[in-house]
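**Q** no sequence for this one, just the structure:
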């Protein structure tokens, strides 16, 4: 029983310390300045009126007609469009490729010579 009483006293002390901390934190809560929130009700009413007038004008039907026209155009296109491919190298491109091949051959020859002379 004495152990339980001691634990109970410890818990009460901890609770009182926590109460003090909480009260300190409550006192330290900052007061934020009051801000002025503008009244946008007239602007929102105007936006609502313009949206309602747009919806009442029937633009959705016009968009549906336009989409039908686009579908007709797409359906009238052939499924495969013939495209001629003509791949060719320009004159300068051929020279650059030949120059790189020559440089690679010279580099391999230099590496082979260095290896040969290193071993002998």
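**A** Here it is on my side, so go on. All figures in this text were calculated on a predicted structure; none of them were measured in a lab.
**Q** can you tell me the element residue 54 falls in?
**A** Using DSSP states H and E, residue 54 sits within helix 41-56.
**Q** which strands or helices does that helix pack on?
**A** Using 3 or more C-beta pairs under 8 Å, 6 or more residues apart in numbering; DSSP states H and E as the contact test, no helix or strand touches helix 41-56. Just so you know, the C-beta spots here come from the backbone N, C-alpha and C atoms, and that holds for glycine as well.
**Q** that one: what's the following helix or strand?
**A** Counting by DSSP H and E, what follows helix 41-56 is helix 59-76.
**Q** now that following helix: how far from the chain's centre is it?
**A** Distance, stretch centre to chain centre, for helix 59-76: 32 Å (C-alpha atoms, centre = their mean, to the nearest Å).
**Q** and if you look at stretch 19-39?
**A** 37 Å.
**Q** so the helix holding residue 54 versus helix 59-76, what angle?
**A** Angle between the axes of helix 41-56 and helix 59-76 is 50 degrees (criterion: axes from the mean of the first three to the mean of the last three C-alpha atoms, to 10 degrees).
**Q** chain center to helix 41-56: distance?
**A** 32 Å.
**Q** what do you get for stretch 108-120?
**A** The answer for stretch 108-120 is 53 Å, by C-alpha atoms, centre = their mean.
**Q** give the buried residues for that stretch.
**A** Of the residues in stretch 108-120, none has enough neighbours to count as buried (16 or more other C-beta atoms under 10 Å).
**Q** give the rounded mean pLDDT of that stretch.
**A** Mean per-residue pLDDT for stretch 108-120: 95.
**Q** ditto for stretch 42-59
**A** Stretch 42-59 comes out at a mean pLDDT of 87.
**Q** max-length helix in the chain?
**A** helix 91-119 (DSSP state H).
**Q** please compute how far that helix lies from its chain's middle.
**A** On C-alpha atoms, centre = their mean, the centre of helix 91-119 falls 46 Å from the chain's centre.
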